[in-house]
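[1] Predicted structure and sequence below. I'll ask about it afterward.
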Amino acid sequence: MPYTSRPLLEERFGLDELIQRTDKFAPYTGAVVDSVLDRAIADADAEIDGYVGARYALPLPDPVPPVLVPIACDIARYRLFDDSVTDVVRQRYEDAIARLKDIAAGRLSLGIDPAQVEAAQVGVRVRAPAQVFSDELLSGY
């Protein structure tokens, strides 16, 4: 489930910026390149899941918790800037990561019913193939 979308990014940062940040390769179209934008959104989602998944079971319930929307927008925007990131965009990204760390540590809530918080309470689950070599078989080595 994506935490942001093209309309939300357009609303926050403007269509002109999205065109400038996504229409980077010839042939230039003068329009938003959806594949570039979708990759930035997917990268932002993966980064968010990495932090949020430490505390909450994924996928999160629908709709997206409102606290994650500006975080996702700032991270996706940062990803669109590549090597030409401005100080403002970098600071917003760093602030977003700080909020994600607060969520992972439990200092900032997603506003989700605690009954839905499973990941921190379940522990680690491991799935592995059946054992190939037994202790008996390896005892001579």
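    Right, received. Where do you want to start?

[2] tell me the strands in the protein, going along the chain?
    Counting by DSSP state E, one finds no strands in the chain.

[3] Where does the prediction get shaky in it?
    Judged by pLDDT under 70, the chain has its weakly predicted residues at 113-128.

[4] what's the spacing between residue 99 and residue 4?
    Distance, residue 99 to residue 4, using Cβ to Cβ, to the nearest Å: 14 Å. Just so you know, the C-beta spots here come from the backbone N, C-alpha and C atoms, and that holds for glycine as well.

[5] Neighbour count: those two, which is higher?
    Taking other Cβ atoms under 10 Å, residue 99 and residue 4 do not tie; residue 4 has more neighbours (24 against 18).

[6] now the more buried one, nearest residue through space, not along the chain?
    Nearest residue to residue 4, sequence neighbours excluded (Cβ to Cβ, 6 or more residues apart in numbering): residue 72, at 3.9 Å.

[7] So what's the residue count around that neighbour?
    Residue 72 is flanked by 22 other residues according to other Cβ under 10 Å.
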